[in-house]
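Chemist: I need the structure of the sequence given here:
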Amino acid sequence: MLRVLEERQFPFGELVLLAGSRSAGTKLCAGGKNLTVAQIDDESLASVDVAFFAAGASVSRRYAPVVAQGGGIAIDKSSAYRMEPEVPLIVPEVNPGEVSRHHGIVSNPNCVVIPLTVVLAPLHLAFGLRHVTLATCQAASGGGHMLVAELESQAQAAVAGDVLEHSIYPHVLYGNVVPGGWSMFGADTEEEVKIIEETRRVLGLPELPISVSTVRVPVAVGHSASVWLEFADAVDPMEARAMLADAPGVRVLDDPESQVYPTPRDAAGTDDVLVGRIRQDLGRRGGISLFFAADNLRKGAATNAVQVAELALVAG
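Modeler: Numbering: from 1, shown residues only. Sure, this is the predicted structure:
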């Protein structure tokens, strides 16, 4: 978040870092200055113009209203307000106009929903979406920095021939793919439910049929997904490719014969949603399939939040 604020030259007069008691007192470098993290409380938020929340739903529910009541704008990256009708859920490339109806709180979507809707929105506008199916490949960083550290330790243990241990995640992630690890809602994971509900809300398509399986993969940074799309009318993959090439926030990498297609490694450290393998879906008449990859820490979280704040400042 700090890196993105600096890169985008976000217009702030003073930058204040706040956290809970465990992290208060930590020193961080931001904007060429050494800053001390202070402990969050109502008083520390009283005069804040823009506050970025990245500390979980309970913290957001407790403190985001304090920012709003003080006349500021809270940009929340947790799931706390994503399905609240009065709180806009924004992907700037998709529904920027929604930000104008905020009442002091704006929500950032799930880290899969953001790149997914960046890809789907221009295709829906041109061809009319009827059904979406996707299987995700989600990086360890989506489960927190401690899971990334656990994955790294497992890789080191594998090289050394030691036993691979796990405590942060229910399975060893190294050399593995896991279709779970999230809380369950009946037969679906919490993540699958979020993707369905939030995608519909961002696109403004409350009845859009969406089928999804979420999978955790042994990658540090970069979520990706295989996607199958059905439209109201038959779509030529060449038309879809041209539409995506002109879409904001999208970069098409699509030359499989030359081994050019999106990968999480290519997406890491960038803000583009990389799209490729755009082709006819042989199982659905007129449907297409594609593959995308995006940095879940940047466009899937921090960059989108900063873009939302930029929109909110312009909207007033």
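
Chemist: check Arg285 and give its pLDDT.
Modeler: Listed pLDDT for Arg285 reads 82.

Chemist: so it sits in a strand?
Modeler: No - checked against DSSP: H, G, I helix; E, B strand; the rest coil, Arg285 lies outside a strand; its state is coil.

Chemist: can you pull the contacts of it?
Modeler: Residues in contact with Arg285, defined by Cβ atoms under 8 Å, 6 or more residues apart in numbering, are Ala234. Every residue, glycine included, has its C-beta placed from N, CA and C.

Chemist: residue boundaries of the helices in the stretch 101-250 of the chain?
Modeler: Along the stretch 101-250 of the chain, the segments classed as helices by DSSP state H, counting those that start in this stretch run 113-127, 145-160, 190-203, 237-245.

Chemist: quick one, which of those helices is nearest to Ser107?
Modeler: Closest of these to Ser107 is helix 190-203, at 9.1 Å (criterion: Cβ to Cβ).

Chemist: show me what Leu274 is bridged to.
Modeler: In this entry, Leu274 is beta-bridged to Arg251, Ala293, by DSSP bridges.

Chemist: what's around it, how many residues?
Modeler: Neighbour count of Leu274, defined by other Cβ atoms under 10 Å: 25.

Chemist: from Asp255, how far off is it?
Modeler: Between Leu274 and Asp255 the distance, using Cβ to Cβ, to the nearest Å, works out to 13 Å.

Chemist: same question for Lys33.
Modeler: For Lys33 relative to Asp255 (Cβ to Cβ), the value is 44 Å.

Chemist: cool, and Pro96?
Modeler: Noted for Pro96: a distance of 32 Å to Asp255, by Cβ to Cβ.

Chemist: mind checking which of those two has more residues around it?
Modeler: Ranked by neighbour count (other Cβ under 10 Å), Pro96 and Asp255 place Pro96 first, with 18 against 10.

Chemist: give me the pLDDT value at that one.
Modeler: The confidence metric pLDDT takes the value 97 at Pro96.

Chemist: residues in contact with it?
Modeler: Residues near Pro96 by Cβ under 8 Å, 6+ apart: 90, 311.

Chemist: quick check on it: phi, psi?
Modeler: According to degrees, to the nearest 10, the main-chain angles of Pro96 amount to phi -60, psi -30.

Chemist: do the same with the one 3 residues further on
Modeler: With angles defined as degrees, to the nearest 10, Val99 sits at phi -70, psi -20.

Chemist: and for the nearest residue to it once chain neighbours are set aside, the neighbour number?
Modeler: Excluding its sequence neighbours, the residue lying closest to Val99 (Cβ to Cβ, 6 or more residues apart in numbering) is Leu311, at 4.6 Å. For Leu311, the neighbour count with other Cβ under 10 Å is 20.

Chemist: and the gap between Leu311 and Ile73?
Modeler: With distances taken as Cβ to Cβ, Leu311 is found 10 Å from Ile73.

Chemist: how about Val91?
Modeler: 17 Å.

Chemist: same thing with Arg201?
Modeler: Arg201 sits 20 Å away from Ile73, going by Cβ to Cβ.

Chemist: out of these two, which sits in the more crowded spot?
Modeler: Of the pair Arg201 and Ile73, Ile73 is the one with more neighbours under other Cβ under 10 Å, namely 24 against 21.

Chemist: quick check: bridge partners of that one?
Modeler: If you apply DSSP bridges, the partners that Ile73 bridges to are Val50.

Chemist: let the chain start at 579 from now.
Modeler: Understood, numbering begins at 579; the last thing we discussed is Ile651.

Chemist: can I assume it is in contact with Phe630?
Modeler: No - under the criterion of Cβ atoms under 8 Å, Ile651 is not in contact with Phe630, lying 9.8 Å apart.

Chemist: identify the contacts common to those two.
Modeler: Residues touching both Ile651 and Phe630 (Cβ under 8 Å, 6+ apart) are Ala887.

Chemist: can you list the low-confidence ranges for this structure?
Modeler: In the predicted model of the chain, residues 894 satisfy pLDDT under 70.

Chemist: rerun at 90
Modeler: Per-residue confidence of the chain (counting by pLDDT under 90) places the weak regions at 589-592, 598-601, 607-611, 624-625, 633-634, 811-812, 861-864, 891-894.

Chemist: walk me through the domains of it.
Modeler: Domain ranges of the chain: 580-686+879-893, 691-717+757-792+799-873, per automatic domain parsing.

Chemist: and the end-to-end length of the shortest one?
Modeler: Yep, that's domain 580-686+879-893 we're talking about. Terminal residues of domain 580-686+879-893 lie 23 Å apart, using Cα to Cα, to the nearest Å.

Chemist: what does stretch 595-603 give?
Modeler: Stretch 595-603 has its terminal residues 10 Å apart, counting by Cα to Cα.

Chemist: chain center to that stretch: distance?
Modeler: Relative to the centre of its chain, stretch 595-603 is centred 24 Å away, using Cα atoms, centre = their mean, to the nearest Å.
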